[in-house]
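[1] Whatever this is, show me its structure:
(one chain, ligands or ions: 1)
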Amino acid sequence: MLKTLNPEWKEIPWDRALTAASPNVANSLEKVLAGNDLGLEEGLTLATVEGNDLVALVKVADELRRRTVGDRVTYVVNRNLNFTNVCIVGCAFCGFSRGPDSPDAYFHSTDTLVAKSLEAVKRGATEVCIQGGLPKDLNGYYYVELLRAIKARLPELHVHAYSPMEITYGVEKTRLPLREYLLMLKEAGLGSIPGTAAEILDDTVRKSLSPNKLKVRQWIEVIRTAHSLGIPTTSTMMYGHTELPEHWVKHLLLLREIQKETRGFTEFVPLGFIHSQTRLFQSGGARAGRSEHEDLIVHALARVLLHGYIPNIQVSWVKLGFEQSLACLEAGGNDFGGTLMEESISKTAGANFGEYVSPGEFRALIRTIGRIPVERSTTYGIRKIFDHPDTEERLPLERMPIVAAATNHTPVTADGY
Ligand code: SF4
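    Numbering: from 1, shown residues only. The predicted model follows:
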């Protein structure tokens, strides 16, 4: 039986929490506070904490967040464009994809996507995040043509687009070398790439989730090549399905190794598995999504293991709901993701969240935990610091806990991710 988390954990100072922790947990946390990297064994110890040890982990993660990025909580005003839900990949955890003949299959025209981008900019968006399914007959140049169409009308708009899976598909379809394909996207206006399709970077786990998905080696190759061309990416991890805590640790250490070499990740986004409408869960192949306990561990563990390398840990409000997002912002997180004027992927998998949060609602939520809201660009440039509350700030009417559902194609930058 799991030792429950002290309900007063938010009020406990990090140094007091540390003194109440067991010696091996305290030693690991002191080591990272002193500026040293933690290894696999230490990560494994932290990944299974409970009780006082869990309080120590989240409080030290919160302190590391404060030392790294201060008390600001950033967000980006963006719109998600899920251009099609038709997909041939067949991931067992996906509640979003449809067959081409499904009555609710769609493929938005380029004109519609440009119009949605124009509307987003009119409403203050600085980014569109584009991801979609992989239809069988997709032209491999579709991705570049869509970029060109949007950038022709909106040259200033940041386009955060195409998961490593989609990029691999484009390479396959065009038969161009990966580097050349990415360069073509960059020249057409690609600003950054969502680091989705990562799920868990372990081929055995991936096989059970989606045997047709790109392999770990391919995901890394797309990411490394993008970084080498000056295209930044986010990084993500899907948790709460079939994986074990050791997979979280290995996944995070792998991201840290890549980041040491490339410095191309802007953020890390934990994405809780939203189970209810997925084949994986319905066939008994996965647990019923992440627990609140796991949410705290994963966000805090990310802060601790990535300390010194990836400064931004994003909470996915679409997956977590507002209350749990705020808790994770107090457990190492510092970014609220995007306002997402449209997010149909998590919605169709059964999530309660996923349409739109206004910037004023984001700011009001951030103030409830005593932090300072800051609007940022996709790549973490500061656009505006809101030191004081303004008239647009009001709490969202709905603050219910989330019933989650998920795919890898999630709003990440605010991919999210
Ligand atoms: S997660 Fe993405 S690639 Fe997998 S089935 Fe869903 S839409 Fe297709």
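
[2] Stretch 306-317: which residues count as buried?
    Judged by neighbour count using 16 or more other Cβ atoms under 10 Å, the buried positions of stretch 306-317 are 306-307, 309-317. All C-beta spots, glycine's among them, are computed from the backbone N, C-alpha and C.

[3] out of those, what pair is the most spread apart?
    Spanning the widest gap among the buried residues of stretch 306-317 are Tyr309 and Trp317, at 24.4 Å by Cβ to Cβ.

[4] Show me which residues of the stretch 201-350 of the chain sit near the ligand.
    Proximity of the stretch 201-350 of the chain to the ligand (Cβ under 6 Å from any ligand atom) is limited to residues Ser210.

[5] now the helices for the stretch 201-350 of the chain?
    Secondary structure of the stretch 201-350 of the chain, counting by DSSP state H, counting those that start in this stretch: helices at 203-209, 216-228, 245-262, 279-282, 292-305, 317-329, 344-348.

[6] what packs against the fifth one?
    Yep, that's helix 292-305 we're talking about. Where contact means 3 or more Cβ pairs under 8 Å, 6 or more residues apart in numbering; DSSP states H and E, helix 292-305 is packed against helix 40-47, helix 51-69, strand 233-239, helix 245-262, strand 265-272, helix 317-329.

[7] Going by neighbour count, list what's buried in that helix.
    294-305.

[8] what's the answer for stretch 192-206, then?
    Buried-residue list, stretch 192-206, by 16+ other Cβ under 10 Å: 192-202, 205-206.

[9] Let me know the closest of those residues to the ligand.
    Ranked by distance to the ligand (Cβ to the nearest ligand atom), the buried residues of stretch 192-206 are led by Ala197 at 6.9 Å.

[10] quick one: the closest one and Met165 touch, right?
    Yes. Between Ala197 and Met165 there is a contact at 3.9 Å, judged by Cβ atoms under 8 Å.

[11] Distance of Phe96 relative to Lys136?
    17 Å (Cβ to Cβ, to the nearest Å).

[12] same thing with Thr225?
    On the measure of Cβ to Cβ, Thr225 and Lys136 end up 26 Å apart.

[13] neighbour count winner among Phe96 and Lys136?
    Phe96 (26 against 9; other Cβ atoms under 10 Å).

[14] got a list of what Phe362 touches?
    75, 336, 339, 373 (Cβ atoms under 8 Å, 6 or more residues apart in numbering).

[15] pLDDT-wise, what's the bottom of those residues?
    Lowest pLDDT among the contacts of Phe362: Thr339, with 88.

[16] need the contact list for that one.
    75-78, 125, 356-359, 362, 414.

[17] what's the weakest-modelled helix or strand in the protein?
    The helix or strand of the chain with the lowest confidence, counting by mean pLDDT, DSSP states H and E, is helix 344-348 at a mean of 48.

[18] and the angle for whatever helix or strand comes next after that one with helix 317-329?
    Using DSSP states H and E, the helix or strand that directly follows helix 344-348 along the chain is helix 359-367. For helix 359-367 against helix 317-329, the angle by axes from the mean of the first three to the mean of the last three Cα atoms, to 10 degrees is 30 degrees.

[19] Gly381: neighbour count?
    9.

[20] Could you measure from it over to Leu138?
    Gly381 is 33 Å from Leu138, by Cβ to Cβ.

[21] Please identify the helix or strand for the closest residue to Met341 other than its chain neighbours.
    Residue nearest to Met341 in three dimensions, not counting chain neighbours: Arg79, with 4.1 Å by Cβ to Cβ, 6 or more residues apart in numbering. Applying DSSP H and E as the criterion places Arg79 in strand 78-82.

[22] mean confidence for that strand?
    Mean pLDDT, strand 78-82: 94.

[23] Note down every partner strand of that strand and its orientation.
    Here strand 78-82 has these sheet partners by DSSP bridges: strand 127-131 (parallel).

[24] Is the partner strand in proximity to the ligand?
    No. Strand 127-131 does not reach the ligand (Cβ under 6 Å from any ligand atom); its nearest approach is 7.8 Å.

[25] Determine how far that strand lies from the middle of the whole chain.
    13 Å (Cα atoms, centre = their mean, to the nearest Å).

[26] quick check: angle from the following helix or strand past it to strand 127-131?
    Once the chain leaves strand 127-131, the next helix or strand it forms, by DSSP H and E, is helix 142-153. Here helix 142-153 runs at an angle of 160 degrees relative to strand 127-131 (the same axes, to 10 degrees).

[27] and the following helix or strand past helix 142-153, C-alpha only, in CSV?
    As assigned by DSSP H and E, the chain's next helix or strand after helix 142-153 is strand 158-161. Extracted in CSV, the C-alpha atoms of strand 158-161 (Å, rounded to 0.1, in the frame of the first residue of the first chain):
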residue,chain,number,x,y,z
HIS,A,158,6.0,30.9,-35.5
VAL,A,159,5.1,27.5,-36.9
HIS,A,160,5.8,24.7,-34.5
ALA,A,161,5.0,21.6,-36.5
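
[28] for the very next helix or strand once past strand 158-161, packing partners?
    Following strand 158-161 in sequence order, the next helix or strand is helix 164-174 (DSSP H and E). Counting contacts by 3+ Cβ pairs under 8 Å, 6+ apart, helix 164-174 packs against helix 142-153, helix 178-187, helix 216-228.

[29] could you dump the ones you listed to CSV with mean pLDDT and mean neighbour count?
    Formatted as CSV, those follow (pLDDT from 0 to 100; neighbours: other Cβ atoms under 10 Å):
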stretch, mean pLDDT, mean neighbour count
helix 142-153, 98, 18
helix 178-187, 98, 17
helix 216-228, 98, 19
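
[30] do you know which of those lies nearest Glu119?
    helix 142-153 (11.6 Å).

[31] That's all I had, so thanks and see you.
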